[in-house]
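> Sequence and predicted structure, then a few things I'm wondering about:
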Amino acid sequence: MNQAHWWSLFLQGDKHAFSEIFLASHDNLFRYGMKLTRDRELVNDCIQNLFLKLWKNRNNLKPVNDITPYLFKSLRHHIIDFLELKRQTLPIDEDIEELLMVEYTAEDFMISRQVEKETQDKIIQLLNHLTPRQRHAIYLRYFEEMEFETIAQILDMRVQSVRNLISRGLLLMRN
């Protein structure tokens with residue numbers, strides 16, 4: 001079955017469909033969450049909280065064709081909400097976008113054994129000098145292989161703004 005069908009069944013209260021959505025999306029959500037914050041417990045808690053809220057609010061939700069951007073965006077908001085709450089209880093002087101840093105590690109580049117270590121280190125260094133939003137958008141585009149429209153939904157931006165953001169990031173890396 002396709003995502004839209006599972007979602008439709010879930011909206012009708014089908015627990016099996018809800019379980020299928022959770023199982024099919026958990027690993028991708030966890031990997032994405034770990035790019036936003038390296039706190040494994042926080043990511044797992046936010047995923048659990050996301051699905052709990054989905055189940056409780058299923059009667060108010062609308063049908064969607066592609067649930068991946070919907071879930072990614074929702075998880076991002078859950079993590080931001082948690083970090084905002086944490087910032088209110090602890091003195092944190094950083095911007096919330098800085099707390100949501102997509103960080104790159106060498107393991108992200110282990111796609112091909114032919115890539116040399118020096119090249120990996122240089123690319124990682126270049127990526128980590130971009131703004132947090134540029135890193136986030138580039139991660140979604142090239143590591144999660146998402147379309148510009150999907151990234152725009154996740155980041156609450158216009159499609160052209162996402163294109164510009166990624167383009168400027170890649171241009172800075174080239175220079």
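Looks like it came in fine.

> Report the mean per-residue pLDDT for stretch 67-76.
Stretch 67-76 carries an average pLDDT of 93.

> Also stretch 8-26?
On average, stretch 8-26 scores 92.

> buried set for that stretch?
Across stretch 8-26, burial judged by 16 or more other Cβ atoms under 10 Å covers 9-11, 17-18, 20-22, 25. (Glycine included, C-beta is placed from N, CA and C.)

> Dump those residues to CSV, plus distance to residue 167 and secondary structure.
Formatted as CSV, the buried residues of stretch 8-26 follow (distance: Cβ to Cβ, whole Å; DSSP: H, G, I helix; E, B strand; the rest coil):
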residue, distance to residue 167, secondary structure
9, 40, helix
10, 37, helix
11, 38, helix
17, 39, helix
18, 39, helix
20, 37, helix
21, 34, helix
22, 35, helix
25, 29, helix
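
> Dump the residues you listed to a markdown table, plus distance to residue 35.
Shown next, in a markdown table, are the buried residues of stretch 8-26 (distance: Cβ to Cβ, whole Å):
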| residue | distance to residue 35 |
| --- | --- |
| 9 | 30 |
| 10 | 26 |
| 11 | 29 |
| 17 | 28 |
| 18 | 25 |
| 20 | 24 |
| 21 | 21 |
| 22 | 20 |
| 25 | 15 |
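
> Rounded mean pLDDT for the helix or strand hosting residue 150, please.
According to DSSP states H and E, residue 150 maps onto helix 148-155. The average pLDDT within helix 148-155 is 93.
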